[in-house]
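**Q** any chance you can model this:
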Amino acid sequence: MLTPRILALPVGTKATMIGVMASATGESRHFDVVVIGGGHAGAEAAWAAARMGVRTAMVTMQADAIGRMSCNPAIGGLGKGQMVREVDALGGLMGLAIDAAGIQFRMLNRSKGPAVWAPRAQADRDAYAAAVQRLLRDLSGLDIIEGTVEQIVTTRAAQTPDSGAKQRVTGVVLGDGSRLTCAAVVVTTGTFMRALMHCGRTQTEGGRVGEPSARGISACLSDLGFELARLKTGTPPRVHRDSLDYGRLEPQPGDAVPTPFSFLTEQIAQPQVNCWITYTNERTHALIRANLHQAPMYSGQIQSRGPRYCPSIEDKVVRFADKDRHQLFLEPEGYESERVYCNGISTSLPADVQAELVRTVPGLEDARVLQAGYAVEYDFVPTHQTRASLESKLVSGLFLAGQINGTSGYEEAAAQGLMAGINAARAVAGQTPVVLRRDQAYIGVMLDDLITAPPTEPYRMFTSRAEYRLHLRSDNADQRLTPIGRDLGLVDDVRWAKFRSKLEQIETLRALTARTSYQHRPLTDYLARPEASLDTLAAALGIHLAEPASRPGSDGHAIRTALEQVLIDARYKGYVARQKLQIERLQRLEAMPIPAGVNYAGMTDLRFEAREKFASIGPATLGQAGRISGITPADITVLWVYLTGRRVAS
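**A** Okay, the predicted model is just below:
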């Protein structure tokens, strides 16, 4: 079989796939890990597995669609931005790609505390895909195969008390009949499994405009015994940039000094562009109400649940009838792109109604719609069938990541893909899986949420989901996770050296701060006051933060970054200390494992609902059991008594 290769043009140009050669029908080839799908989860899974030294294949329907942004070309946001920095700190690729392709960078929530500061960047859609493809292309140990997977091949598993799986993965069969043998498979099919797009009454098979549905995987997973369900997501119309009246729009600029996502990036050198703000009005809402009978969500054409936190404009008008306007963000899709993304009016109304709807909005009176919005229904695998490691319970060696687990968003997908790739590689090597805790990372919060409260609507990360968000800040993601990435083999020498240098600089400044006085009191005491600033700290230490010396790419930038860390740590020292005590109490619960094979049905002192939920989800620890929706402290007490009595079913 010939090895396919992708050659991508430099970032800033449209990615081009050259010389991908089809496999020879019927032939077989061996890999350690096979990743199905080339979206944000698939890219991270393939990146992680290959960098950890296992032979990896990515199978994707269109090689030149790897890393493509199906919806808004933007990365980050509240909770999401923190998670991207965590992916980067572990050695992932998303931060590197968005730093190369971002066209506007903003740090959200600057007026609030650092616990909720969240980086966000608008991307050049084509440049982002090109950056992801370039990173994967240059990665040794990874082959990219253009095609579809029609069958996941399994054999009977040698069951162990820890596993419980009756089957194990041995390979996949492609659409052309060729076979890839492997020890682990990561399924990252996004919104493509039996995907159906809706625009008014028009229904088209596909998970993205111009790209087909993946039907074989759904049938295969069903045959393997998985329960499947349906979810729905949507996207807004895109309009031509030259048809907007910018004089009637409110400009939204980026930050004067952009903050990179990756801890490796010294400077965002590319020019920044404006986004624009406008609002719907009563004319818009009246038009929507008059056409609700043509909206698939209201006509009964779509039955599945959509994202509560990213509703369609139809949902907004119905659910928030008291509001006389809704905010829209008009976001360019690239430097050279003529497309502007209308963030805030996701819709599946008929195309002609959408065109009329758009033109009721100030600044869009003459807008030309280049692509109508649409809704997508797709299959997913409810997560009561999945472990916190993202390995399935039914099939050993089969991992699931991204929207197949009921999540929404590029960032959630990337984080899952990274962890699935890590654990697939470790499974191949016979090593125990890595599961991040809720106090270690937003990634840990998300995975714990998915397992203990399986989503019935697309899951989205928010800072409010993290009870330890003061500890899980975007600025300290590297301190929390880079040592873990180093131990896993994901963090290379360059990243590790940069990380160590940063730590040394922070410790030097921290020691200097500890022995410095300011206004007749210890400087560390003063820094806890709300009026303390970075400039105050620098002046007290005799450090001059002159521009442009403090800009990214300069020695001054490194000093400024270290000073910010010292200031944040000093300001929140007391709060963080209290949170650490809470974390220690949590870890005592998490330290009590629940063995596989516990006979919950025989625990007659437990409520029937608790027995059912424990048996369905199979919590790995007492702490995880306590976070299952509907479980009471009394249930946990009964379970604790049972576990300490070591009564385990045979």
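
**Q** now the helices for the stretch 1-150 of the chain?
**A** For the stretch 1-150 of the chain, applying DSSP state H, counting those that start in this stretch gives helices covering 40-51, 80-90, 94-101, 125-137.

**Q** just put these in JSON lines and tack on mean pLDDT and mean neighbour count.
**A** The C-beta positions use only the backbone N, C-alpha and C, and glycine is treated the same way. As requested, the helices of the stretch 1-150 of the chain are exported to JSON lines (pLDDT from 0 to 100; neighbours: other CB atoms under 10 Å):
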{"stretch": "helix 40-51", "mean pLDDT": "98", "mean neighbour count": "31"}
{"stretch": "helix 80-90", "mean pLDDT": "98", "mean neighbour count": "29"}
{"stretch": "helix 94-101", "mean pLDDT": "98", "mean neighbour count": "27"}
{"stretch": "helix 125-137", "mean pLDDT": "97", "mean neighbour count": "24"}
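
**Q** export these to a markdown table and tack on distance to residue 584?
**A** Compiled in a markdown table, these are given as follows (distance: least, CB to CB, whole Å):
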| stretch | distance to residue 584 |
| --- | --- |
| helix 40-51 | 30 |
| helix 80-90 | 22 |
| helix 94-101 | 30 |
| helix 125-137 | 38 |
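
**Q** out of these, flag the one nearest residue 66.
**A** For the helices of the stretch 1-150 of the chain, the distance to residue 66 is smallest for helix 125-137, at 5.3 Å, taking CB to CB.

**Q** okay, the angle between that closest one and helix 40-51?
**A** Here the directions of helix 125-137 and helix 40-51 differ by 20 degrees (axes from the mean of the first three to the mean of the last three CA atoms, to 10 degrees).

**Q** what is helix 125-137 packed up against?
**A** Packing contacts for helix 125-137, counted by 3 or more CB pairs under 8 Å, 6 or more residues apart in numbering; DSSP states H and E, involve helix 40-51, helix 94-101.

**Q** okay, now residue 177: neighbour count?
**A** 12 (other CB atoms under 10 Å).

**Q** the residue nearest to residue 543 when sequence neighbours are not counted: which element?
**A** Nearest in space to residue 543, with sequence neighbours left out and distances taken as CB to CB, 6 or more residues apart in numbering, is residue 559 at 6.5 Å. Counting by DSSP states H and E, the element that carries residue 559 is helix 555-571.

**Q** report the beta-bridge partner residues of residue 518.
**A** Residue 518 has the following beta-bridge partners by DSSP bridges: residue 521.

**Q** was I right to think it contacts residue 524?
**A** No. Judged on CB atoms under 8 Å, residue 518 makes no contact with residue 524 at a distance of 9.2 Å.

**Q** any idea how far residue 573 is from residue 510?
**A** Distance of residue 510 to residue 573, computed by CB to CB, to the nearest Å: 11 Å.

**Q** for the stretch 351-500 of the chain, what spans make up the strands?
**A** 369-371, 374-380, 395-396, 398-400 (DSSP state E, counting those that start in this stretch).

**Q** and these: which comes nearest residue 636?
**A** The nearest among the strands of the stretch 351-500 of the chain, by CB to CB, is strand 398-400 at 27.9 Å.

**Q** packing partners for the closest one?
**A** Taking 3+ CB pairs under 8 Å, 6+ apart as the contact cut, strand 398-400 packs with strand 184-187, helix 410-428.

**Q** how does it look with 6 Å?
**A** strand 184-187 (3 or more CB pairs under 6 Å, 6 or more residues apart in numbering; DSSP states H and E).

**Q** can you name the residues in contact with whichever helix or strand comes after the strand it packs on?
**A** Next in sequence after strand 184-187, counting helices and strands by DSSP H and E, comes strand 196-199. If you take CB atoms under 6 Å, 6 or more residues apart in numbering as the criterion, strand 196-199 is touched by 203-204, 206, 296, 348, 351, 372, 374-377.

**Q** returning to what we had before: what would the helices and strands packed on helix 125-137 look like in TSV with distance to residue 121?
**A** Output for the helices and strands packed on helix 125-137, formatted as TSV (distance: least, CB to CB, whole Å):
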stretch	distance to residue 121
helix 40-51	14
helix 94-101	5
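
**Q** wait, which of those is closest to residue 337?
**A** For residue 337, the closest of the helices and strands packed on helix 125-137 is helix 94-101, at 12.1 Å, according to CB to CB.

**Q** just want the angle from that closest one to helix 80-90.
**A** Using the same axes, to 10 degrees: helix 94-101 against helix 80-90 is 110 degrees.

**Q** using CSV, write down the CA coordinates of helix 94-101.
**A** Provided in CSV are the C-alpha atoms of helix 94-101 (Å, rounded to 0.1, in the frame of the first residue of the first chain):
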residue,chain,number,x,y,z
MET,A,94,-4.6,24.1,18.7
GLY,A,95,-2.8,27.0,20.4
LEU,A,96,-0.1,26.9,17.9
ALA,A,97,-2.5,26.9,15.0
ILE,A,98,-4.7,29.8,16.2
ASP,A,99,-1.6,31.9,17.0
ALA,A,100,-0.5,31.4,13.4
ALA,A,101,-4.0,32.1,11.9
